[in-house]
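Q: The following block contains a protein sequence and its predicted model.
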Amino acid sequence: MIRVRNLTHRYGDTVAVDDVSLSVADGEFVLVVGANGSGKSTLVRHFNGLLEPDAGEVSVDGTPVSADLVAARVAVGMVFQDPRDQLVAATVGADVAFGPENLGLSRAEIDRRVDAALSAVNLDGREGERVADLSGGERERVAIAGALAMEPTHLVLDEPFTGLDEPARRSVLDRLRALHTGGTSVIVVTHDLRDVFSLADRVVGMADGRVVVDGDTESASTRESLSDIDVRLPVTDPC
């Protein structure tokens with residue numbers, strides 16, 4: 001479980017997250033939604049200690065993130081909105097293998113994880129290609145594969161579908177569905193609910209650094225609670 005208690009984060013004089021408390025249960029699929037600047041990306045970057053709170057606390061599986069950063073970063077995989085923020089190696093295969101290698105896994109296990117992660121994002125057989133030669137959408141898929149290869153118990157993705165073509169988008173959605181079914185917590189940060197709304201258990205809506213919506217998708221689908229926070233809603237059947 002990820003638990004956030006009275007979290008506040010400031011950038012200078014600007015309060016980006018304002019006294020937020022929430023939890024994400026094991027195996028839960030949560031959408032964190034809101035307009036640009038609402039605080040959603042800042043919030044989730046506390047889940048594995050990429051940011052430190054000015055007040056409050058975040059714990060993962062009962063342990064404060066500040067007490068064990070390594071454990072938090074193994075348990076909580078993160079895919080950033082801009083893949084350049086996390087790509088670290090020259091080739092596709094080396095980049096996806098970087099995390100598992102740092103866990104001290106066997107070569108056979110590393111290779112298994114790399115193969116499975118690349119297959120999940122439709123990059124099978126492209127281990128030797130240079131990251132610098134890839135398109136923006138392909139780099140985003142490599143970043144997602146790198147997070148998947150860590151096999152975290154909680155996976156956080158910040159606007160993961162930007163720049164993906166339709167086959168890649170479908171592949172990633174299928175993988176997220178499978179992870180959720182298998183018991184992994186999935187947290188997707190987005191302003192566009194169309195692709196992921198049907199997969200989610202819960203919607204957390206943010207505005208001005210605060211949680212203004214928190215409920216299951218059935219109650220959120222009434223749209224009344226989401227209509228004022230500038231998100232792109234899923235299309236509903238008028239019939």
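A: On my side now, so go ahead.
Q: Are we agreed that Glu52 is in a strand?
A: No. Using DSSP: H, G, I helix; E, B strand; the rest coil, the assignment for Glu52 is coil, not a strand.
Q: and it, what does it touch?
A: Counting by C-beta atoms under 8 Å, 6 or more residues apart in numbering, Glu52 makes contact with His46, Ser66. All C-beta spots, glycine's among them, are computed from the backbone N, C-alpha and C.
Q: Against His46, how distant is it?
A: The gap separating Glu52 from His46 is 8 Å, by C-beta to C-beta, to the nearest Å.
Q: How about the contacts made by Leu233?
A: Listed by C-beta under 8 Å, 6+ apart, the contact set of Leu233 reads Leu193, Arg194, Phe197, Arg223, Leu226.
Q: what's the spacing between it and Phe197?
A: Between Leu233 and Phe197 the computed distance is 8 Å (C-beta to C-beta).
Q: just Arg210 next, same as before
A: For Arg210, the distance to Phe197 equals 22 Å [C-beta to C-beta].
Q: the helices in the protein, which residues?
A: 40-44, 69-75, 92-102, 107-120, 136-149, 166-181, 217-220 (DSSP state H).
Q: can you redo those helices as CSV with mean neighbour count?
A: What follows is the helices of the chain, written out as CSV (neighbours: other C-beta atoms under 10 Å):
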stretch, mean neighbour count
helix 40-44, 25
helix 69-75, 17
helix 92-102, 21
helix 107-120, 17
helix 136-149, 24
helix 166-181, 16
helix 217-220, 16
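Q: And Trp70, how far from Glu101?
A: In this structure residue 70 is Val, not Trp. The gap separating Val70 from Glu101 is 15 Å, by C-beta to C-beta.
Q: quick revisit: what's the closest of the contacts of Leu233 to Ala25?
A: Closest approach between the contacts of Leu233 and Ala25, by C-beta to C-beta: Phe197, at 18.9 Å.
Q: any idea how far the nearest residue to that closest one once chain neighbours are set aside lies from Tyr11?
A: Closest residue in space to Phe197, ignoring its immediate chain neighbours: Pro234 at 4.3 Å, by C-beta to C-beta, 6 or more residues apart in numbering. Distance, Pro234 to Tyr11, using C-beta to C-beta: 32 Å.
Q: more neighbours, those two?
A: Pro234 (16 against 11; other C-beta atoms under 10 Å).
Q: quick one: the more buried one and Arg194 touch, right?
A: Yes. The pair formed by Pro234 and Arg194 meets the contact definition of C-beta atoms under 8 Å, at 4.9 Å.
Q: picking that back up, now, which of the contacts of Leu233 sits nearest Gly136?
A: Closest approach between these and Gly136, by C-beta to C-beta: Arg194, at 20.6 Å.
Q: With neighbour numbers in mind, choose between Arg210 and Phe197.
A: Remark: of Arg210 and Phe197, Phe197 carries more neighbours, 20 against 15, as counted by other C-beta under 10 Å.
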